[in-house]
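# quick check, what structure comes out for this input:
(one chain, ligands or ions: 1)
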Amino acid sequence: MKKEVDALLHARQGPMTSELVLRPGDFGLGHVPARLKPAAVAKSICGFCSTGCSLKVHLNASGEAVNLTPDPEYPVNLGMACPKGWEALTPLAATDRVTTPLLRNRLTGQLEPVSWERALTAFVENFKGIQARHGDHAISLLSTGQIVTEEMALLGALAKFGLGMLHVDSNTRQCMATSHVAYKQSFGFDAPPFTYADFEESDVLFFIGANPCIAHPIMWQRVMMNQHQPAIIVVDPRRTETAMLATQHLALRPKADLTLLYGLARELIYLGAVKREFIDAHTAGFAEFVQFIETFTPERTAHETGISVEELRRCAETIARGQRVSFWWTMGVNQSHEATRTAQAIINLALMTGNIGRPGTGANSITGQCNAMGSRLFGNATSLLGGYDFANAAHRAHVAAILGIDPTQIPSEKSWAYDQIIDGIERGDIRGLWIIATNTAHSWINQGRFAAIRAKLDFLVVQDMYATTETARLADLVLPAAGWGEKEGVFINSERRLGVARKVARAPGLALSDFRIFQLIAEAWGCGAMFREWSSPAAAFQILKKLSVGQPFDFFGIRDYAHIEEARGIQWPLPERGADPAPERRLFADGKFFTRDGRAKFFFDEPRPMPEQADAHYPLILLTGRGTSAQWHTGSRTNKSAILRKLAPTVQHVEINPADAAQVGISDGAKVTVQSRRAAVEAVALVTHVVQPGQVFMPMHFPDVNKLTFPAYDPHSRQPSYKACAVRVTKA
Ligand code: SF4
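Numbers count the residues shown, from 1 in each chain. As a prediction, this is how the structure comes out:
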């Protein structure tokens, strides 16, 4: 046990400055054995996080990947990669890859190998049978931010226009729905305005609910390259790796961020830091906002957030002095019961101080998954394919004309969100579910409920690289999918940059690309004719270009994949054909937003109490988040790498403050029980000042953590509030 705790401590307390941003040779990975000397190099965008690093994949004479190194010429990562990027090929060779379709034998209860023909028949018969008994909308799907844009678009089109599904959502609901809604309301479109050069251009960087040091290490490396000796303000209840490197850390109470942001806005007004000219010319609603925040006095803000008046003023003064202030947020904001208004409170700060559209500025949402941005444009879930509106008949007609389908095949109703689909299963409204490249049984909030929900399904299909994920093990049918590196298509990163992921390896056995699986399902279902033009990812990309025309993200000017690669990634928009895109571009330089009147809007609401408060029985607030830069989500890929496993704690653990540990007699390394109102789980205690008294922290990568979380949702984005629930910790 001591050894495990030492490993934990090392992982948590090791060198902090981009400690895991590695360069050729660091693992010996840059040295290719002579027998594997590369015959060629292909460049591909990493398939883990939204940074969108370019990797040079070294190929042998048969065109198979033997190794990779980060691409020094790519403007995103400048020759760097985090451990996940370096190990991107390893999960492909995992021994538990699913290499053939698996169908559950009703007699033995076992998943058994079957042919693709049998699998497709089972898919169609079971789902059509459910539709015949319970109606078209009784089948549904949950997909992912991890597949390429062309696959997302084909899946969304197939599900809604071909298979007759209405309720379709993806795991991007868990990470980026809030940013999507916040931007859409405030700017008129889901438009993150920044470019990564802004990390280097700012003189003040304000991070809230973000820990880029480990969650986005290459972005953090860009901050470290900033030559302006910037002030770095970090707002986070926990003393994260990023907070340790900040010039000011505001260790506020969990979920007090909305109040803090309103208090800051009020202070900035009192400091005269507002840019009146910009506000008058380019925004709407500022007068009402000023009136609203008048009650957020420094004293009230201090009382409700735990941040002293002096700390608040110091922070406001730093922002006021800044010439180029950038505001960055990610899951600490997005995963909250009042997430959208919190994100918009950040946007409000940028707007009122005129920190937008200029180098080093912006209200900047850092995305989570490698293609969450593609999902936001083309998932066909909340928005109609291409950022259109399902409820708008003209939009439906426009999309139908581009796709060459009958407009009546496009539903006019919106889909339920992820949590509503789960509720729909519980009620019996949804009886068939197709899960693609996500691990719901591990990652969904209040996860313990999933087993009962699964029992309500007549048929569960899971499409994944592995049959060993918690979700795949529950499936009636497993469809074996190719992974990153075994197929091609476009990812869109956090700064709106399109990059191409290339096929550099063959999928094992009978596994197929998700794109090919969707094509086969279309044929088996009998709607293949509808998707004839979607003959390949490259052909699908040309359809997506047409869908983009006239939209804020218009990228019709991109010729093809080769154009993207020649330009080292292209940020949207790029409407003009033949245009030569600058390597770094930001939005709103002209102060024109995508709203009808061209003005950005101030949105605000009274803060609401955290849905589940600590009390005498559950006196601690559990925070959850990323553990290390070597881990990714539920670990279905990163756990396959021995190197990544060495870089991350392998035991489920809970960080607890020494004061709280002493109160219940817990020592460092002790086995403890963490209990919420929903479940009790075992963990190893890590006694540390990283968490404040009254709070504990558990990394989300361990399978039990979401048994504890409380199912609350932001009312605007319906994003789950993973970050805070009440627990108690006792000796096991
Ligand atoms: Fe870059 Fe993210 Fe891949 Fe790491 S996981 S190499 S930061 S894209």
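# for the stretch 101-250 of the chain, what lies in contact range of the ligand?
Proximity of the stretch 101-250 of the chain to the ligand, by C-beta under 6 Å from any ligand atom, involves residues Pro217, Ile218. To be clear about C-beta, it is placed using only N, CA and C from the backbone, and glycine gets the same treatment.
# where's Phe199, which helix or strand?
Using DSSP states H and E, Phe199 maps to helix 197-201.
# that should have said Ser186, apologies.
helix 177-187.
# pLDDT on that helix, on average?
Averaged across helix 177-187, the pLDDT comes to 96.
# can you map out the helices along the stretch 601-732 of the chain?
Here the stretch 601-732 of the chain has its helices, by DSSP state H, counting those that start in this stretch, at 642-646, 658-663, 705-708.
# and the second one, C-alpha only, in CSV?
Coordinates of each C-alpha in helix 658-663 appear next as CSV, following Å, rounded to 0.1, in the frame of the first residue of the first chain:
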residue,chain,number,x,y,z
PRO,A,658,-5.0,17.2,6.9
ALA,A,659,-7.6,18.9,9.1
ASP,A,660,-10.5,16.7,7.8
ALA,A,661,-8.3,13.6,7.9
ALA,A,662,-7.3,14.2,11.5
GLN,A,663,-10.9,14.7,12.5
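# what segments of the stretch 51-200 of the chain are helices?
Going by DSSP H, counting those that start in this stretch, the stretch 51-200 of the chain shows helices at 83-86, 116-134, 149-157, 172-175, 177-187, 197-201.
# how about the next helix or strand after the last one as PDB, C-alpha atoms only?
Taking DSSP H and E as the definition, the helix or strand that follows helix 197-201 towards the C-terminus is strand 204-208. Once side chains and other backbone atoms are set aside, the C-alpha atoms of strand 204-208 remain, and they are given as PDB (Å, rounded to 0.1, in the frame of the first residue of the first chain):
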ATOM      1  CA  VAL A 204      -3.100  38.900 -18.000                       C
ATOM      2  CA  LEU A 205      -4.400  35.300 -18.300                       C
ATOM      3  CA  PHE A 206      -7.500  34.500 -16.200                       C
ATOM      4  CA  PHE A 207      -8.200  30.700 -15.900                       C
ATOM      5  CA  ILE A 208     -11.400  29.600 -14.200                       C
END
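# following the helix or strand of the chain with the lowest mean pLDDT, which helix or strand comes up?
Ranked by mean pLDDT, DSSP states H and E, the weakest helix or strand in the chain is helix 2-13, scoring a mean of 38. The helix or strand immediately downstream of helix 2-13 is strand 40-45, counting by DSSP H and E.
# let me see the mean pLDDT of that following strand.
95.
# try stretch 396-405
Mean per-residue pLDDT for stretch 396-405: 97.
# in it, which residues are buried?
Residues of stretch 396-405 classed as buried: Arg396, His398, Val399, Ala400, Ile402, Leu403, Ile405 (neighbour count, 16 or more other C-beta atoms under 10 Å).
# setting aside sequence neighbours, what's the nearest residue to the fifth one?
Nearest in space to Ile402, with sequence neighbours left out and distances taken as C-beta to C-beta, 6 or more residues apart in numbering, is Lys546 at 5.0 Å.
# and the one you found, that one's in a strand?
No: counting by DSSP: H, G, I helix; E, B strand; the rest coil, Lys546 falls outside a strand, being helix.
# any idea how far Arg496 is from it?
Distance of Lys546 to Arg496, given as C-beta to C-beta, to the nearest Å: 19 Å.
# next: Glu117.
Glu117 is 41 Å from Arg496, by C-beta to C-beta.
# find the closest residue to the ligand in the stretch 251-400 of the chain.
Residue of the stretch 251-400 of the chain nearest the ligand, by C-beta to the nearest ligand atom: Cys370 (6.5 Å).
# looking at it, that residue is touching Ser50, isn't it?
Yes: when contacts are counted by C-beta atoms under 8 Å, Cys370 is listed as touching Ser50 (5.9 Å).
# tell me how many other residues crowd Leu312.
Neighbour count of Leu312, defined by other C-beta atoms under 10 Å: 22.
# do the one 10 residues further on as well
By the measure other C-beta under 10 Å, the count of residues near Gly322 is 22.
# then His137?
Counted with other C-beta under 10 Å, His137 comes out at 18.
# run through the residues of the protein sitting next to the ligand.
Going by C-beta under 6 Å from any ligand atom, the residues of the chain near the ligand are 46, 48-49, 51-53, 77, 81-82, 84-85, 217-218.
# of those, grab the buried ones for ChimeraX.
Here is the ChimeraX command that selects only those of the residues of the chain next to the ligand that count as buried (16+ other C-beta under 10 Å):
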select :46,48,49,51,52,53,77,81,82,84,85,217,218
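# between the buried residues of stretch 396-405, which is nearest Asn380?
For these, the residue nearest Asn380 by C-beta to C-beta is Val399; the value is 9.4 Å.
# residues contacting that closest one?
Each residue near Val399 by C-beta atoms under 8 Å, 6 or more residues apart in numbering is listed here: Leu384, Leu385, Gly386, Tyr388, Ile410, Leu547.
# give me the pLDDT value at the last one.
Looking at Leu547, its pLDDT stands at 98.
# next, count neighbours for it.
24.
# helix, strand, or coil at the residue nearest to it when sequence neighbours are not counted?
What sits nearest to Leu547 in space, not counting adjacent residues and going by C-beta to C-beta, 6+ apart, is Gly386, at 3.5 Å. Secondary structure, three-state DSSP: Gly386 is coil.
# and Gly386, how far from Tyr270?
Separation of Gly386 from Tyr270 (C-beta to C-beta): 44 Å.
# who has more neighbours, the two?
Gly386 (23 against 14).
# pretty sure that one sits against Leu377.
Yes: with contact defined as C-beta under 8 Å, Gly386 counts as touching Leu377 (6.6 Å).
# what's near enough to touch Pro699?
Contacts of Pro699 by C-beta under 8 Å, 6+ apart are Thr624, Gly625, Arg626, Gly627, Thr628, Gln631, Pro649, His653, Val705.
# same thing but 10 Å
In this structure, Pro699 makes contact with 11-12, 624-628, 631, 648-649, 652-655, 705, judged by C-beta atoms under 10 Å, 6 or more residues apart in numbering.
# buried members of those residues into ChimeraX, please.
Burial among those is assessed by 16+ other C-beta under 10 Å; the matching ChimeraX selection reads:
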select :11,12,624,625,626,627,628,631,648,649,652,653,654,655,705
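# in strands, which of the contacts of Pro699 fall?
Of the contacts of Pro699, the ones assigned to strands by DSSP state E are Thr624, Gly625, His653, Val654, Glu655.
# for the third one, give the beta-bridge partners.
Going back to what we said before, that points to His653. Judged by DSSP bridges, the bridge partners of His653 are Val684.
# and the nearest residue to Asp458 once chain neighbours are set aside, how many residues sit next to it?
Taking C-beta to C-beta, 6+ apart, and ignoring the residues beside it in sequence, Asp458 has Arg431 as its nearest neighbour in space, at 4.4 Å. Neighbours of Arg431 under the rule other C-beta under 10 Å: 22.
# ok, Arg431 - contacts?
126-127, 129-131, 133-135, 138-140, 424-425, 456-459.
# and it, how far from Phe378?
Using C-beta to C-beta, Arg431 is found at 27 Å from Phe378.
# for Met352, which residues are in contact?
265, 268-269, 273-276, 278-279, 283, 286, 289-290, 602 are the contacts of Met352 under C-beta under 10 Å, 6+ apart.
# of these, buried ones?
Among the contacts of Met352, those that count as buried by neighbour count (16+ other C-beta under 10 Å) are 265, 268-269, 273-275, 278-279, 283, 286, 289-290, 602.
# show me those that map onto helices.
Assigned to helices by DSSP state H, the following of the buried ones among the contacts of Met352 qualify: Ala265, Leu268, Ile269, Phe278, Ile279, Phe286, Phe289, Val290.
# can you put those residues in CSV and add pLDDT?
Listed next are those as CSV, based on pLDDT from 0 to 100:
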residue, pLDDT
Ala265, 98
Leu268, 98
Ile269, 98
Phe278, 98
Ile279, 98
Phe286, 98
Phe289, 98
Val290, 98
